[in-house]
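**Q** what's the 3D shape of this:
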Amino acid sequence: MTKRGKKPVLAAVLAALVAGSAAAYAQDPPPAGQAAGQGRGQRAQVRGGQRAGVPPITRNMDAQQMQIHLDAVALVQAERQLKLTAEQYPNFVAKMTRLQAVRRRLVVERRRVFNELRGLLEAPSPREDTITEKLRTLEDINRRGADEVIKSYQDVDTVLSPWQRGRFRLLEEQLERQKIEILARIAAMPPASGKIPPSK
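**A** Below you'll find the model as predicted:
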């Protein structure tokens, strides 16, 4: 597979990431204060068959949208930084996409339990037994999630050389720092601006 041949694979994955985010919003309500029409517009754009790309960064981007953006960026950067061969590329993309899906699903599950826990704590007469049950559910998600993420990383590693595994871990750390920097730039963005300024 040539570099030109890799592009359809990556384009399909980016389309799946964007479509996956739309499905997640359809199942999980947006945060309070976010315009209801925004999610509908995003889903309509995906259904409209427009060409998928890395989702843009905007001031209204929440944590889930941020992760979708970074997942797409990770796939684009991994091809370059890991120096993937033509044979490695499709297998890496498939396994990396599964790892990203596991992490996003765990974020959604944790957010759901936290929302339920918040409702219990704000009740006029909180029930301690129900609160304890939710805390156990959260611990189960954390424990199961850690195992699933480790297994997914191990699956990704099966298609990489030791050097590439090291580069992959550095890339993941780099993206975490980038997330913090983007959040800081979003916070400093003027209200009238639609997109954040490029990093220096």
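
**Q** for burial, what's the neighbour tally of Gln67?
**A** 20 (other Cβ atoms under 10 Å). (C-beta placed from N, C-alpha, C; glycine too.)

**Q** my bad, should have said Ala78
**A** 24.

**Q** try Thr130
**A** 13.

**Q** do the same with Phe92
**A** Phe92, neighbours per other Cβ under 10 Å, totals 22.

**Q** what of Ala101?
**A** Counted with other Cβ under 10 Å, Ala101 comes out at 15.

**Q** next, it: phi, psi?
**A** Note on Ala101: its backbone torsions stand at phi -60, psi -40 [degrees, to the nearest 10].

**Q** measure it to Ala86 for me?
**A** Distance, Ala101 to Ala86, using Cβ to Cβ, to the nearest Å: 24 Å.

**Q** point out where this protein drops to low pLDDT.
**A** 1-59, 63, 191-200 (pLDDT under 70).

**Q** surely Asp129 forms part of a helix?
**A** Yes - under DSSP: H, G, I helix; E, B strand; the rest coil, Asp129 falls within a helix.

**Q** distance of it relative to Asp157?
**A** 43 Å.

**Q** these two: who's more crowded?
**A** The neighbour count for Asp129 versus Asp157, taken as other Cβ under 10 Å, is higher for Asp157 (15 against 6).

**Q** name the nearest residue to the more buried one, ignoring sequence neighbours.
**A** Arg165 (5.3 Å; Cβ to Cβ, 6 or more residues apart in numbering).

**Q** Pro126 too?
**A** Leu120 (5.9 Å).

**Q** tell me where the protein has helices.
**A** 3-27, 36-47, 63-81, 88-121, 128-157, 162-187 (DSSP state H).

**Q** could you list the buried residues of the last one?
**A** The neighbour-count check on helix 162-187 (16 or more other Cβ atoms under 10 Å) flags 164-165, 167-168, 171, 175, 178-179, 182, 186 as buried.

**Q** again with the longest one
**A** Applying a neighbour-count criterion of 16+ other Cβ under 10 Å, the buried positions in helix 88-121 are 88-90, 92-93, 95-97, 99-100, 102, 104, 106-107, 109, 113, 116-117.

**Q** which helices and strands does that helix pack with?
**A** helix 3-27, helix 63-81, helix 128-157 (3 or more Cβ pairs under 8 Å, 6 or more residues apart in numbering; DSSP states H and E).

**Q** if you set the cut-off to 6 Å instead, what comes out?
**A** Helix 88-121 sits against helix 3-27, helix 128-157, with contacts defined as 3 or more Cβ pairs under 6 Å, 6 or more residues apart in numbering; DSSP states H and E.
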